[in-house]
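Trainee: Would you be able to build a 3D model of this:
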Amino acid sequence: MSVTENYDVYYPYMKLAQKYQKPSLFHCDSKNSPFSSPAKMYEFAKRLKQDGINTPVIMGHMGMGSKNDNYAGLQILIDSIKNKDANLYADTAWVDEDVLIDALKRLKKETKNGINRI
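Mentor: The predicted structure is shown next:
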C-alpha cells in the first residue's frame with residue numbers, strides 16, 4: 001500500500017511528531033513508484049496540512065533512482081513551496097552532486113525561501 005493509502009496508519013505518528021516539533025522522514029522512491037513517489041509524498045503532506053498537522057514531511061532521496069527521478073522530486077518540492085499547501089522538504093542522500101547544485105540554484109531562483117527546504 002502507498003503512503004497515501006496508509007494515511008490513517010501514519011496520522012497518529014504525525015500528530016505526535018507535531019506535538020514534539022519533529023520532522024518525519026519517509027523513503028521516497030522513483031517518480032513511477034506506486035508506493036512512495038514524490039507525487040505521493042506531496043499528496044500525503046497536503047492532506048496533513050489540510051487536517052491541521054504542519055509537521056515537516058521529508059522526501060528521502062528527493063525521488064530515488066535516476067536523475068530524472070530526482071528532478072521530478074525537485075519539481076514537486078518547488079510546486080509545494082509555490083502552492084503553499086504542504087510542509088514538504090527533500091533529503092539529498094543518494095542525489096548526485098550536479099543535481100544537488102542545480103536543485104539549490106533552481107530553488108533560489110524559483111522560490112523565495114525554498115533553499116531551506118533541502
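
Trainee: Stretch 24-40: which residues count as buried?
Mentor: Of the residues in stretch 24-40, Ser24, Phe26, Cys28, Asp29, Ser30, Lys31, Ser33, Ser36, Ser37, Pro38, Ala39, Lys40 count as buried by neighbour count, 16 or more other Cβ atoms under 10 Å. From N, CA and C alone the C-beta is placed, and that goes for glycine too.

Trainee: Look up phi and psi at Asn27.
Mentor: For residue 27 the amino acid is His, not Asn. Main-chain torsions, His27, degrees, to the nearest 10: phi -60, psi 130.

Trainee: Spit out the contact partners of it.
Mentor: Residues in contact with His27, defined by Cβ atoms under 8 Å, 6 or more residues apart in numbering, are Ser36, Gly60, His61, Met64.

Trainee: With Ser36 instead?
Mentor: Contacts of Ser36 by Cβ under 8 Å, 6+ apart are Ser2, Val3, Phe26, His27, Cys28, Asp29.

Trainee: now do Val95
Mentor: His61, Met62, Asn70, Ala103.

Trainee: quick one: secondary structure of it?
Mentor: Secondary structure state of Val95, per DSSP: H, G, I helix; E, B strand; the rest coil, is coil.

Trainee: What confidence value was assigned to it?
Mentor: We have a pLDDT of 96 for Val95.

Trainee: how about the strands in this protein?
Mentor: Under the criterion DSSP state E, strands of the chain are mapped to 24-27, 57-60, 88-90.

Trainee: got TSV for those, with distance to Asp8 and mean pLDDT too?
Mentor: Compiled in TSV, the strands of the chain are given as follows (distance: least, Cβ to Cβ, whole Å; pLDDT from 0 to 100):
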stretch	distance to Asp8	mean pLDDT
strand 24-27	15	96
strand 57-60	16	97
strand 88-90	20	98
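
Trainee: Adding distance to Arg47, write those strands out as CSV.
Mentor: Formatted as CSV, the strands of the chain follow (distance: least, Cβ to Cβ, whole Å):
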stretch, distance to Arg47
strand 24-27, 13
strand 57-60, 10
strand 88-90, 12
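
Trainee: So for Lys108, which of those strands sits nearest?
Mentor: Among the strands of the chain, the nearest to Lys108 by Cβ to Cβ is strand 88-90 (14.2 Å).
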